[in-house]
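J.: model this:
(chains A and B)
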Amino acid sequence: MFNYLRMIFFRCSVIVALIFLTSPDFVAEADKDKQGEYYPDNTFWGALIYASNDLEKSTVSDKLEKKLNQAFGSYSNFQLLGQHTQKNVFKEYVNWVVPSEEINLAFESKGKIKGNGVKLLLKLWRKKKVLLKSDLTIFPEKPVMILGPKWREGKLIFVLDLRLKS
Amino acid sequence: MTKEEELITRWIDGELNPKEKIEFEKLYDARPDFYNSLRVEANASKDLLKSSFEFEKEIPYGDFFNNQIRKKIQDDDFDSNSSSGFLFDVLAWLRSPLTWAATACFIAFISVNPQSGVNGDDNIIVSTYSPDPSVSIVSAEFNEKANATVIVLEGLEPVPDETDFNENHITSYDRKGPPGFVQFYNNNDKLVYILETDEYGQPNVF
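T.: Model (predicted):
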């Protein structure tokens, strides 16, 4: 029964895919992608943030603070420790998010994907040790946020955001 | 391997079925001492091997291997399901009214519920693992509320309190200088760090 349903679903998927692939909109969009007009410049914004429950006012933007609150509800205060914007990200080149002697987040582009997205390889380094490796995709305004080690009374958060060319 | 050799090997390993046992007994009765000595030697070799190797050993980066194996199984499963006899079946199932009825329902469902499908532009985590066994990945997923990919790590060694990130507030970096060297600047365009990546991709901060 399960196999039968799966076969039906597979058949439907193929037909739907054929319909979409041959639709004029899809073809036009694919052509646009090929011409390179559809993608923005690869502009990445990276930040190192200190999350705590201090009573001070957060120093990150309201928009980012909202996202951080949603993701890490146990912290109420977010202090921006460092940030930078990487305008040109080349495929297979290693880029760094606010590096320090203690902890580094590296990211490599593995190529663009449809919808202004980019495939990434992330590596979180602690001195000479890799703590995390992640293959993922990132899209504009949908940042990657990594809750890392404890520091002082809170924790450190790395944020990596792909931004549209301004 | 001849049939006879196979019988002897299976006898030594204690894997003969009743029919093979009868066949082997004919051989054995002809030269019992020879076969007994063979078995003694084979068992001695087995014991030696057993004592020389550890049978239980922790796999390095076990979670990574598990992740890759699971991915491979999923890929193979999909390939075998989708490619087996595919070309020969295409015409047959395209002609099936059931297929077209189901497709019509599927398209109608998508059209009526445009919000119910998966948003293709959500960030996707293909794989996440920690090579450090002391670090655990509590979660790694796209958080709908935050509209962000959220990875939560635990078990990391704390960063010393005296580390002053504010002092070295990085705002930009460039790759001027020798290959593999990246220079990081603060608000005042003052050089704060030079980071070198060695041949293994490991960062060294100066």
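J.: Stretch B:127-147 near chain A anywhere?
T.: Yes - judged by CB under 8 Å from any CB of the partner chain, stretch B:127-147 comes into contact with chain A at B:127-132, B:135, B:137, B:140, B:142-143, B:145-147. C-beta coordinates here come from the backbone N, C-alpha and C atoms, glycine included.
J.: which ones are touching residue A:80?
T.: A:47-49, A:59-60 (CB atoms under 8 Å, 6 or more residues apart in numbering or on different chains).
J.: re the thing from before, from the residues of stretch B:127-147 next to chain A, list the buried ones, please.
T.: B:127-130, B:132, B:135, B:137, B:140, B:142-143, B:146-147 (16 or more other CB atoms under 10 Å in any protein chain shown).
J.: Run through the strands of the chain in chain order.
T.: Answering for chain A, as no chain was given. Listed in chain order, the strands of chain A (DSSP state E) span A:43-52, A:77-86, A:94-97, A:103-113, A:117-126, A:129-138, A:144-151, A:154-163.
J.: The chain in question should be chain B.
T.: B:125-129, B:136-143, B:148-154, B:170-174, B:181-186, B:191-197, B:203-205.
J.: For the longest one, the averaged confidence score.
T.: Across strand B:136-143, the average pLDDT comes to 93.
J.: I'd like to know which elements it is packed against.
T.: Packing partners of strand B:136-143 (3 or more CB pairs under 8 Å, 6 or more residues apart in numbering or on different chains; DSSP states H and E): strand B:125-129, strand B:148-154.
J.: List of residues touching that strand?
T.: A:70-71, A:132, A:134, A:142, B:122-125, B:128-130, B:148-155.
J.: rerun that using 10 Å as the cut-off
T.: A:67, A:70-72, A:131-132, A:134, A:136-137, A:142, A:144-147, B:63, B:119, B:122-125, B:127-130, B:148-156 (CB atoms under 10 Å, 6 or more residues apart in numbering or on different chains).
J.: what angle separates it from strand B:148-154?
T.: 170 degrees (axes from the mean of the first three to the mean of the last three CA atoms, to 10 degrees).
J.: Give me the angle between strand B:136-143 and strand A:144-151.
T.: Strand B:136-143 runs at 150 degrees relative to strand A:144-151, counting by the same axes, to 10 degrees.
J.: can you check the first one too?
T.: When the same axes, to 10 degrees is applied, the directions of strand B:125-129 and strand A:144-151 differ by 20 degrees.
J.: Name the helix or strand of chain A that has the lowest mean pLDDT.
T.: helix A:24-35 (a mean of 46; mean pLDDT, DSSP states H and E).
J.: Isn't residue A:134 up against residue A:107?
T.: Yes - using CB atoms under 10 Å, residue A:134 is in contact with residue A:107, at 9.5 Å.
J.: shared neighbours of the two, anything?
T.: Counting by CB under 10 Å, 6+ apart, the residues touching both residue A:134 and residue A:107 are A:120-124, A:144.
J.: Out of those, the closest to chain B would be?
T.: Checking the shared contacts of residue A:134 and residue A:107 against chain B with CB to the nearest CB, the nearest one is residue A:144 at 4.5 Å.
J.: wait, the closest one sits on residue A:124?
T.: No - counting by CB under 10 Å, residue A:144 stays clear of residue A:124, with 11.0 Å between them.
J.: Please identify every residue contacting each of those two.
T.: Common neighbours of residue A:144 and residue A:124 (CB under 10 Å, 6+ apart) are A:97, A:105, A:107, A:134, A:158, B:151.
J.: Buried among those residues? Need that as a selection in ChimeraX.
T.: Per 16+ other CB under 10 Å, the buried members of those correspond to this ChimeraX selection:
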select /A:97,105,107,134,158 /B:151
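J.: any chance of the shared contacts of residue A:144 and residue A:124 in TSV, plus distance to residue A:77 and pLDDT?
T.: Shown next, in TSV, are the shared contacts of residue A:144 and residue A:124 (distance: CB to CB, whole Å; pLDDT from 0 to 100):
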residue	distance to residue A:77	pLDDT
A:97	21	85
A:105	21	91
A:107	26	91
A:134	26	94
A:158	17	96
B:151	21	96
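J.: For the shared contacts of residue A:144 and residue A:124, give me JSON lines that also has distance to residue B:177.
T.: Output for these, formatted as JSON lines (distance: CB to CB, whole Å):
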{"residue": "A:97", "distance to residue B:177": "20"}
{"residue": "A:105", "distance to residue B:177": "22"}
{"residue": "A:107", "distance to residue B:177": "21"}
{"residue": "A:134", "distance to residue B:177": "29"}
{"residue": "A:158", "distance to residue B:177": "25"}
{"residue": "B:151", "distance to residue B:177": "32"}
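J.: ok, of the shared contacts of residue A:144 and residue A:124, which one's closest to residue B:24?
T.: Nearest to residue B:24 among the shared contacts of residue A:144 and residue A:124: residue A:134, at 57.2 Å, using CB to CB.
J.: Report the contact partners of the closest one.
T.: Neighbours of residue A:134 in contact, by CB under 10 Å, 6+ apart: A:107, A:120-124, A:144, A:146, B:125-130, B:137, B:140, B:149, B:151.
J.: Any idea what it is bridged to?
T.: Note on residue A:134: beta-bridge partners residue A:122, residue B:128, judged by DSSP bridges.
J.: just to revisit the earlier point, now a PyMOL select for only the buried ones of the contacts of strand B:136-143.
T.: Buried residues within the contacts of strand B:136-143, by 16+ other CB under 10 Å, are selected in PyMOL with:
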select buried, (chain A and resi 67+70+71+72+131+132+134+136+137+142+144+145+146+147) or (chain B and resi 63+123+124+125+127+128+129+130+148+149+150+151+152+153+156)
